[in-house]
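Engineer: Let me see the structure of the following:
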Amino acid sequence: MKRLRLATRQRLLTLALPLVLIAGAQRSFAAELPDSPDPQTPAPAAPARTGGITGTITDKDGASIAGARISLSRGNQPIVSAATATDGSFSFPGLLPGPFQLAVSAAGFAPQQITGEVAAGQILELPLIALAAAATTNIQVTASQTEIAEAQINQEEKQRVLGVFPNFYVSYDSNPVPLTPGQKFELAARTLIDPVNFVLNGVVAGVQQADNTYNWGQGAQGYGKRYAAAYGTFLDGTLIGSAALPIVLKQDPRYFWKGTGSAKSRAGYAIANAVMCKGDNHRWQVNYSAILGGLAAGAISNLYYPASNRAGFGLTFEGAAIGTGMSAVANLLQEFVVHRLTPHVPPTERTGAVAQ
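Structural biologist: Okay, here's the model as predicted:
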């Protein structure tokens, strides 16, 4: 009985030992194998291989364009910009694969658009990009005669002898154009309201007051009448001789400085301009505006001077002749002296000749 139990135990051990060895071997083999992935945690994807774009910008003759701007856009991604190097080259490294658009621009050249696609790991070298010169449009703006004349008037209204006394009726322009009727009146009005002319007429009235010229007596009343008469004569002569008649007769009331030639030719030109003027048709003609204007101003002045001091027709013509002679003297001074004392005359016109 005891032997039977021993035999049974020995058989059980004989059967169990292989099972134990097999289980141990399985655990050892399993320990050597890598861990199985967690079925709920996906394995990370391998990173995509990046690529790049390179190229060169030139003009149509093959010369490199440095500083050209290249803008890279890719769908909804932010635009990336680069500038070409001195040899015209550019590059965009580290790009993910996919389509792209390039916008190329450079000063003086027409812009250009380029599209393409870069593959994973590809360094895409673009063909030579030659930019065409930008089309240019030349626009010539020519001022009208009225605008040119207005510019001349604006210049003349700045002219003052010694920076004080008006010198508006002298043109130093090398290419003068005729004035419109409105501009002739504008120049006359600007002369009449100039503060210096108010003062000068006041000085004339003061001299007449001191000499007791005209039978108006003394005191403030006498001075007032003399001032009104002096300014009235100035007003009549300017409006009639420098505005109304030049408008009607189509003559230019200004003196055009010659500035070149011999002293004799310039003197003759200045004296002749006392009785001659340039018409709106650019032709020289008798200065009826100045001659008739002087006669009209003298005749009108007879209406407001005392009866005992009024001049007859003979004296009126004599006064007009004296006025013409004074104009000749004034023109000589303008030609040789006054222009040197007048600021705001453009330097190019001081030495240039005015239309003959």
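Engineer: Would you map the strands across the chain?
Structural biologist: Using DSSP state E, the strands found in the chain span residues 51-59, 69-74, 77-83, 89-95, 98-105, 112-118, 123-125, 129-131, 160-161, 165-166, 170-171, 255-256, 276-278, 284-286.
Engineer: Go through those strands and find the least confident stretch.
Structural biologist: Across these, strand 77-83 has the smallest mean pLDDT, namely a mean of 88.
Engineer: Give me the sheet partners of that strand and which way each runs.
Structural biologist: strand 69-74 (antiparallel) (DSSP bridges).
Engineer: Flag every buried residue along the strand it pairs with.
Structural biologist: The neighbour-count check on strand 69-74 (16 or more other C-beta atoms under 10 Å) flags Arg69, Ile70, Leu72 as buried. Every C-beta, even on glycine, is put in place using the N, C-alpha and C of the backbone.
Engineer: Please apply the same query to stretch 276-288.
Structural biologist: Cys277, Lys278, Gly279, Asp280, Asn287, Tyr288.
Engineer: Present those residues as a markdown table; the columns should include distance to Lys250.
Structural biologist: Below are these laid out as a markdown table (distance: C-beta to C-beta, whole Å):
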| residue | distance to Lys250 |
| --- | --- |
| Cys277 | 11 |
| Lys278 | 11 |
| Gly279 | 6 |
| Asp280 | 4 |
| Asn287 | 12 |
| Tyr288 | 11 |
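Engineer: quick one: which of the residues you listed is nearest Ala132?
Structural biologist: Relative to Ala132, the closest of the buried residues of stretch 276-288 is Asp280; by C-beta to C-beta it sits at 50.9 Å.
Engineer: Please list all residues in contact with the closest one.
Structural biologist: Counting by C-beta atoms under 8 Å, 6 or more residues apart in numbering, Asp280 makes contact with Pro178, Leu179, Lys250, Gln251, Asp252.
Engineer: Same question for Val286.
Structural biologist: Shown in contact with Val286 (C-beta under 8 Å, 6+ apart): Val275, Met276, Cys277.
Engineer: Ser308 too?
Structural biologist: Here Ser308 is in contact with Asn215 (C-beta under 8 Å, 6+ apart).
Engineer: Let me know the distance separating it from Trp216.
Structural biologist: Note on Ser308: its distance to Trp216, by C-beta to C-beta, to the nearest Å, is 11 Å.
Engineer: Using the record's assignment, carve this structure into domains.
Structural biologist: As assigned by automatic domain parsing, the chain contains the domains 51-131, 147-351.
Engineer: most neighbours per residue, which of those?
Structural biologist: Most buried of those, by mean neighbour count (mean count of other C-beta atoms under 10 Å): domain 147-351, with a mean of 16.
Engineer: How far away from the center of its chain is it?
Structural biologist: Centroid displacement of domain 147-351 relative to its chain, using C-alpha atoms, centre = their mean, to the nearest Å, is 36 Å.
Engineer: between the strands of the chain, which one is nearest to Gln183?
Structural biologist: strand 170-171 (12.3 Å).
Engineer: Can you give the contact residues for that closest one?
Structural biologist: By C-beta under 8 Å, 6+ apart, strand 170-171 touches Gln152, Glu156, Gln159, Arg254, Tyr255, Phe256, Trp257, Gln334, Val338, His339, Thr342, Val354.
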